[in-house]
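S.K.: Structure of the sequence below:
(one chain, ligands or ions: 2)
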Amino acid sequence: MLGSINPALYSVFFRLLLLNMRRSAAPSQLQGKHLKKTKFIPPARSNPSPNEEITKLNPDIKLFEVAANDTLLQSQTNPRICSLNLLPAEESGREINHGDNYKEKYCFEAPAMATLELHHTVHSSPKEITVSKGQEVEPENLVKYFNVIWRKASKKKHKKWEGDAVLIVKGKSFTLKDLEGKDIGRGTGYKFKDLEKIEEGQTMMIGGKEIEVMDIISPDDFSSGKCFQLGGGSPAISSSSQAANRCFLNPLKSVCKPTSKENTQSIFQNCKPRHDPYLPNSLVMLRPDNNHQRMFNKNCFPVVDVVIDPHLVYHLRPHQKEGIIFLYECVMGMRVNSRCGAILADEMGLGKTLQCISLIWTLQCQGPYGGKPVIKKTLIVTPGSLVNNWKKEFQKWLGSERIKIYTVDQDHKVEEFIKSPFYSVLIISYEMLLRSLDQIKHIKFDLLICDEGHRLKNSTIKTTTALISLSCEKRIILTGTPVQNDLQEFFALIDFVNPGILGSLSSYRKIYEEPIIISRQPSASEEEKELGERRAAELTCLTGLFFLRRTQEVINKYLPPKIENVVFCQPGALQIELYRKLLNSQAVRFCLEGLLENSPHLICIGALKKLCNHPCLLFNSVKEKGCSSTWDENEEKSLYEGLINVFPADYNPLLFTEKESGKLQVLTKLLAVIHELRPTEKVVLVSNYTQTLNILQEICKRHGYAYTRLDGQTPISQRQQIVDGFNSKYSSDFIFLLSSKAGGVGLNLIGGSHLILYDIDWNPATDIQAMSRVWRDGQKHPVHIYRLLTTGTIEEKIYQRQISKQGLSGAVVDLTRTSEYMQFSVEELKNLFTLNESSHCITHDLLNCDCTGEQDHTGDSLEKFPISRNCQLGPHHQKFNSLKPLSMSQLKQWQHFSGDHLNLTDPFLERIRENVSFFFQNITNQTTAP
Ligand SMILES: Nc1ncnc2c1ncn2[C@@H]1O[C@H](COP(=O)(O)OP(=O)(O)OP(=O)(O)O)[C@@H](O)[C@H]1O
Ligand SMILES: [Mg+2]
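M.R.: Numbers count the residues shown, from 1 in each chain. Ligands and ions are numbered 1, 2, ... in the order given. The predicted structure is shown next:
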């Protein structure tokens, strides 16, 4: 198997292995289960013989020591190369299918090793370093970096190494940094000649510490920060040592002796792969390399091919095959040594569920060592509304006989799962998990999957600490929401799946976050920019081994056309009058003077948003507050003052009319035209507010539309039933009323082919999540999406914020962020609290487009407007965000026209134009749509 590896590489591997072993000499590194297993081998020169002298520095030299870090350093082994993963040579010349594009994407070839110029000379005796007399010419630009291990100077017989460090030698000075990037020693005035000669293996006293030089760090590895990553994050490296070869076996042909006679029989029986790896379409997992076998095949079981069930492979899309290979390698610890975590961050609708189901089914029945299954029990934690969706997906892909699933709800307690030997998969909501944590902790789960796992971005919240407390090592986070936008949150997710891989939070901040953020400041120097870019690239490279994100484009070809519309609705007369009154209130005036204590601006914003949805909602608030004892709350009092007089004297909110709200008028017309032109198609109607959903529900009743509804009040046990009912072709429901906050994530609502977003959220991610519910695998009809905005009002401004640079920067793309966390300058508030009555569309005005909206028009070419993106990991991840919020420049590329445009070809838009001042439209996968 190793015969195909280049001999030069072979020797580098060997050295690397030795080096990694020697690194383990620092006892501080031996934290964590996996590392405890590593055999302790003292460093080559760590204990000099009594007659060997350690090089000492001249005491006359003035040294200054930075506070020595006495605490143990992070446990880490050396990743050093983060893109190395060698495939074993194929057996018997027969091609095994590792998935489309597999080699191209996942196999990193030898050149990855090129940067690893190891200086491996080991000296037999320490060298004497003499002191500079101050006459030397110091070549300023000569800087050298070394990996060292260090300990405090001591006369004790049995001294312990404290940990790894990085020694930086520049001319006549040195700095010693611990692996958190902190200075632990510094000195100057040395003899240049001596510092220049520091070599691997050398032991010396420096800055009050004894160090042993392990190897030289290339400037590249230093600037990228690689040299600080001793997080056990080393890629799974094929080793050529004898020890490693000991257990390597030809798959299907055992040469090792199994432990007992009985065992022999059963192991040999299992020695055949469960499915034929040589069939043309079979999907075969990577065989473990020698290093893996050495670590995980202690009993020397024969190696057996792990082959995905052909029944599943038949259905898998190419990206899903690759995803399964990726997940398999991650959880098997084949990608990063001793780390079994993964983040699958595919965009929404790419079938993350199916990929996980395939993985679970495979690992539960098969394994590479003697065919022994890798896992017995799996825990899936998911938002409440998706618990039954998971169960349903298991049934969809595997039927109900192959695998037994247990879902926890009010009536089905965890105890039953514990008692029954039948179930292998437990599905539970995050809320239930917290309630049942004590029982769950006592179950041995081999695989943990956290669906919609972006919620674990904060390591201090209860859910995260609860999950961290589970001992399961194989952890997968699934998320469709971008997670690289905030470097600290990114750390929390990475650290959850692969604990400690990026070191401690403080070292991560020093080594990655700070340089990256500094490099993005406009004032950053060239040097800072370069360092930040290198560190970002390194972080991407390191985490890229177990982080996978594919964009929606990979499934576009399986999906019908999508017609997206942004519809600017003219506000009604009552709305305009009330709007003006609100803007003239004392509360708004105070906000504009910057008096923002107690956040009165949030109350003002809330009132304006309600008004945009329907004046009756505002009426209810005014009345409610009027009767409540807290009415003396100044802000609200001053906001609503005199407002009641604007409503007709006999105003009854229960008898609200459609005319009173521009959006409601457009909505009712839209529903009517869909019902008329597409009688068999259905509509998903989304709002962020329960009260608004009540109004929309009333509209359904008034017009005789059959509807169903899912909001925060819907019991979890009923949610899937409601979804299934709507998706069924036999259902008579025309409308699905959905609260985006309650049920936006993860739901499949492919029964609907029209989706109307009745109101807008500050957070583009909420809206994107909602819009992704219908345009997904299984959708048969062209999908129409309508986003309704009230022209000239706060809704347009929120939309602009979503698509402007400001909305795109910072950590906005995050489902858990709400307006309470948002900062507004007085200048922004001024803009928010303005009603623009004269324009058809202020969003269009902002685009600087030269059209008048009288003809359909698309703006300048995209190249002129580079799309900016907020991913803090920079350009390396840019390509990963196709479902990112739209940007201004992209919007300009959409077809756009004013409501009085003469030749509207879209029959749906044609019918609502009377109440619409402006449209933007974009068609994806265009065939004959609309
Ligand atoms: N290969 C496939 N063939 C047909 N349908 C598929 C395939 N893969 C997935 N699907 C279907 O696509 C839909 C979306 O899949 P899934 O819910 O797993 O998406 P997701 O990636 O989890 O998205 P989200 O981030 O929104 O939760 C489901 O109805 C699923 O059954
Ligand atoms: Mg999902």
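
S.K.: Spell out which residues sit in contact with the closest residue in space to L583 that isn't next to it in sequence, please.
M.R.: Nearest residue to L583 in three dimensions, chain neighbours excluded: F833, at 5.6 Å (Cβ to Cβ, 6 or more residues apart in numbering). Using the backbone N, CA and C atoms, a C-beta is placed for each residue, glycine as well. For F833, the contacting residues are L583, V588, C591, L592, C604, L608, I794, by Cβ atoms under 8 Å, 6 or more residues apart in numbering.

S.K.: And those, which is closest to D446?
M.R.: Using Cβ to Cβ, I794 comes nearest to D446 of the contacts of F833, at 50.7 Å.

S.K.: okay, that closest one: pLDDT?
M.R.: Note on I794: pLDDT of 96.

S.K.: burial of the closest residue to R580 other than its chain neighbours, as a residue count?
M.R.: Counting by Cβ to Cβ, 6+ apart, L835 is the residue found nearest to R580 once chain neighbours are left out, at 6.5 Å. Neighbour count of L835, defined by other Cβ atoms under 10 Å: 18.

S.K.: Was I right to think L835 contacts Y579?
M.R.: Yes. Contact status for L835 versus Y579: in contact at 5.2 Å, counting by Cβ atoms under 8 Å.

S.K.: sorry, back to before: next one: phi and psi at the residue nearest to L583?
M.R.: Torsion angles at F833 (phi, psi; degrees, to the nearest 10) stand at phi -90, psi 40.

S.K.: do K226 as well
M.R.: phi -50, psi -40.

S.K.: So for stretch 486-499, what gets flagged as buried?
M.R.: Within stretch 486-499, the residues scored as buried using 16 or more other Cβ atoms under 10 Å are 486-487, 489-499.

S.K.: Stretch 438-453 now?
M.R.: I440, F445, D446, L447, L448, I449, C450, D451, E452, G453.

S.K.: avg pLDDT for it?
M.R.: On average, stretch 438-453 scores 95.

S.K.: Repeat that for stretch 639-649.
M.R.: Rounded mean pLDDT across stretch 639-649 is 90.

S.K.: for stretch 505-525, same thing?
M.R.: Across stretch 505-525, the average pLDDT comes to 88.

S.K.: Mind listing residues that contact it?
M.R.: With Cβ under 8 Å, 6+ apart as the test, stretch 505-525 has contacts from 74, 179-182, 225, 228-229, 487-488, 491, 495, 502-503, 528-533, 535-536, 538-539, 872-874.

S.K.: end-to-end on that stretch?
M.R.: Using Cα to Cα, to the nearest Å, the end-to-end distance of stretch 505-525 comes to 26 Å.

S.K.: and what of stretch 550-566?
M.R.: Taking Cα to Cα, the span from the opening residue of stretch 550-566 to its closing residue is 26 Å.

S.K.: what about N281, distance to Y369?
M.R.: The gap separating N281 from Y369 is 25 Å, by Cβ to Cβ, to the nearest Å.

S.K.: re earlier: for the residue nearest to R580, which three-state class applies?
M.R.: In three-state terms, and counting by DSSP: H, G, I helix; E, B strand; the rest coil, L835 is coil.

S.K.: repeat for the one 5 residues further on
M.R.: Classification of H840 by three-state DSSP places it in coil.

S.K.: so it makes contact with H896?
M.R.: No. Contact between H840 and H896 fails when scored by Cβ under 8 Å: they sit 10.3 Å apart.

S.K.: Looking at the two, which has the bigger crowd around it?
M.R.: H896 (27 against 21).

S.K.: hang on, the earlier thing: show the pLDDT at the residue nearest to R580.
M.R.: With respect to pLDDT, L835 scores 95.

S.K.: next one: V169
M.R.: You'll see V169 listed with a pLDDT of 86.

S.K.: Show me which residues of stretch 395-402 are buried.
M.R.: Neighbour-count burial for stretch 395-402 [16+ other Cβ under 10 Å]: W397, L398.

S.K.: ignore the last one, stretch 702-710
M.R.: Y705, Y707, T708, R709, L710.

S.K.: which SS state does the third one fall under?
M.R.: Taken by three-state DSSP, the conformation at T708 corresponds to strand.

S.K.: Distance check, it against G349.
M.R.: 21 Å.

S.K.: Thank you kindly, that will do.
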